[in-house]
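A.B. asks: sequence first, then the predicted structure, then my questions.
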Amino acid sequence: MKTEHIKKIKNAFKDLPDHWLLLFVMNTEDYLAKNIAILNEVLKQEDAVGVYVTLNRPYSVLIKILEKNNINTDKLFFIDCITKTLGSEKEEKKCLFLENQQNLTNITIAIDEIVSAIPSKNISLFVDSMSTLLIYNKAETVSKFLHFLTGKMRVLNLNGILLSTEKELDPEFADQLEQFVDKTVDLSK
């Protein structure tokens, strides 16, 4: 990962409101390394707890990657939207397995369920990734969902990280998405 990207990630967390929402736009090169750097930056905050909505990698794969990269997974809860579609989920204490990426209402219900069970006041929600939602849903539907979700995050005093790849974002959708967040960080160049 480029040094300038590391600096951008660290600087993204400066001068934010108490409960912030950030959009990180990345290219596919070093996507995972950037994602881990962002996650690490958030989890090093005092009393930080994360709720990670994974739309790309099954929980069993993701947890191994995070542990290999020294991410404190004890501070994370997961919502896995892919494993059940592959038919290979087994029950996990810190993970809710959802049917698919198309049922956006179920994602919201799962977020409510997990967040209400976490005693910390410093909860960050990671959504990996917006681009995947666009594969399974119309852009207009995803835009409405994200508008609702970001509003709900603000009402619940959650921090938020929205991840997306630049290739899948059409300019109109990107413009709408940027309206919902406090800051957009471009790590695509």
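C.D. replies: Sure thing, it's come through. Just so it is clear, the structure is predicted and the values come from calculations on it, not from any experiment. Residues are numbered from 1 along each chain as shown.

A.B. asks: now the helices for the protein?
C.D. replies: Using DSSP state H, the helices of the chain run over 3-12, 31-43, 59-68, 83-86, 104-116, 130-136, 139-155, 171-180.

A.B. asks: if you count neighbours, what's buried in the shortest one?
C.D. replies: Residues of helix 83-86 classed as buried: Thr83, Thr85 (neighbour count, 16 or more other CB atoms under 10 Å). Yep, even glycine has a C-beta here, placed from its N, CA and C like the rest.

A.B. asks: likewise the first one?
C.D. replies: Of the residues in helix 3-12, those buried under the neighbour-count criterion (16+ other CB under 10 Å) are His5, Lys8, Ile9, Ala12.

A.B. asks: among those, which one has the lowest pLDDT?
C.D. replies: Lowest in pLDDT among these is His5, which has 90.

A.B. asks: residues contacting that residue?
C.D. replies: Taking CB atoms under 8 Å, 6 or more residues apart in numbering as the contact definition, His5 lies against Asp30, Lys34, Ala37, Leu187.

A.B. asks: again with Asp80
C.D. replies: Residues near Asp80 by CB under 8 Å, 6+ apart: Thr54, Pro58, Tyr59, Leu62, Glu89, Cys95, Leu96, Phe97, Leu98.

A.B. asks: how far away is the last one from Lys64?
C.D. replies: Distance, Leu98 to Lys64, by CB to CB, to the nearest Å: 20 Å.

A.B. asks: of the buried residues of helix 3-12, which is the nearest to His19?
C.D. replies: Ranked by distance to His19 (CB to CB), these are led by Ala12 at 15.1 Å.

A.B. asks: got a list of what the residue nearest to that closest one when sequence neighbours are not counted touches?
C.D. replies: Take Ala12 and drop its neighbours on the chain: the residue closest to it by CB to CB, 6 or more residues apart in numbering is Val185, 4.5 Å away. Val185 makes contacts with Lys8, Ile9, Ala12, Leu22, Leu23, Phe24, Val25, as judged by CB under 8 Å, 6+ apart.

A.B. asks: find the nearest non-adjacent residue to the second one, please.
C.D. replies: In this case it means Ile9. Using CB to CB, 6+ apart, the closest residue to Ile9 is Ala37 (5.1 Å).
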